[in-house]
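J.: need the 3D shape of this:
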Amino acid sequence: MRHLPYFCRGEVVRGFGRGSKQLGIPTANFPEQVVDNLPADLSTGIYYGWASVGSGDVHKMVVSIGWNPYYKNTKKSMETHIMHTFKEDFYGEILNVAIVGYLRPERNFDSLESLISAIHGDIEEAKKRLDLPEHLKLKEDSFFQVAKSKIMNGH
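T.: As a prediction, the model looks like this:
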């Protein structure tokens, strides 16, 4: 994982509409140009790290990068679940993400319930790993304090 930590930011756009509705796990989605600018050799899968919306507080997050085999997506996506309860949607706001670690590869699931269970497991594992000193320090990275440009990949 030579690309980690990996920093990117972009405007939150509407996704497939299933994070909150079908899964009960809200996600923030990046536009195609942010996804298309990810390093070509960055593996698809589930990652963890830190995220903030606009100039707001930095929270733990998990992010799925790939094609979501359960849903048979034809377009690669990057869906971030921030471990914080927001009062309202934040479409159009700037999402700042620092990806610091890799949890597992993408995989297909035989049921929606097993997918949801795996995501909850990923969230719990990410919470533990983000408490490690080497990951905790990235919460304070200057990336989260800089003037917010519209799109930035690679820090």
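
J.: distance from the chain centre to the longest strand anywhere in the chain, please.
T.: When the chain is parsed with DSSP state E, its longest strand is strand 94-104. Strand 94-104 has its average C-alpha position 5 Å from the chain's average C-alpha position, going by Cα atoms, centre = their mean, to the nearest Å.

J.: not counting it itself, show me its contacts.
T.: Here strand 94-104 makes contact (Cβ atoms under 8 Å, 6 or more residues apart in numbering) with 1, 4-12, 28, 30, 43, 45-54, 61-63, 80, 122, 125-126, 129-130, 135, 138, 141, 143-144, 148, 150. (Glycine included, C-beta is placed from N, CA and C.)

J.: one more: stretch 26-37?
T.: 8-15, 19-20, 51, 53, 64-65, 75-82, 86, 90, 95, 151, 153-154.

J.: among those, which are in helices?
T.: Taking DSSP state H, every one of the contacts of stretch 26-37 sits outside helices.

J.: still on that earlier bit, list the strands paired with the longest strand of the chain, with their directions.
T.: Applying DSSP bridges, strand 94-104 is found paired with strand 6-11 (antiparallel), strand 45-53 (antiparallel).

J.: that older thread, drop anything exposed from the contacts of strand 94-104.
T.: 5-12, 28, 30, 45-53, 61-63, 80, 122, 125-126, 129-130, 135, 138, 141, 143-144 (16 or more other Cβ atoms under 10 Å).

J.: state the pLDDT value of the residue located most distally from the centre of the chain.
T.: In the chain, the residue that sits farthest from the middle, by Cα atoms, centre = their mean, is Asp110; the gap is 23.3 Å. Per-residue pLDDT puts Asp110 at 91.

J.: and His3, by the same measure?
T.: 86.

J.: what about dumping the CA coordinates of the longest strand of the chain to CSV?
T.: Taking C-alpha atoms only, strand 94-104 is exported to CSV below (Å, rounded to 0.1, in the frame of the first residue of the first chain):
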residue,chain,number,x,y,z
ILE,A,94,-16.5,19.6,0.1
LEU,A,95,-15.5,16.2,1.5
ASN,A,96,-11.9,15.9,2.7
VAL,A,97,-10.6,12.3,3.0
ALA,A,98,-7.3,10.9,4.3
ILE,A,99,-7.1,7.2,3.6
VAL,A,100,-4.6,5.7,6.0
GLY,A,101,-5.2,1.9,5.9
TYR,A,102,-6.6,-1.1,4.0
LEU,A,103,-9.1,-3.5,5.6
ARG,A,104,-10.0,-6.0,2.9
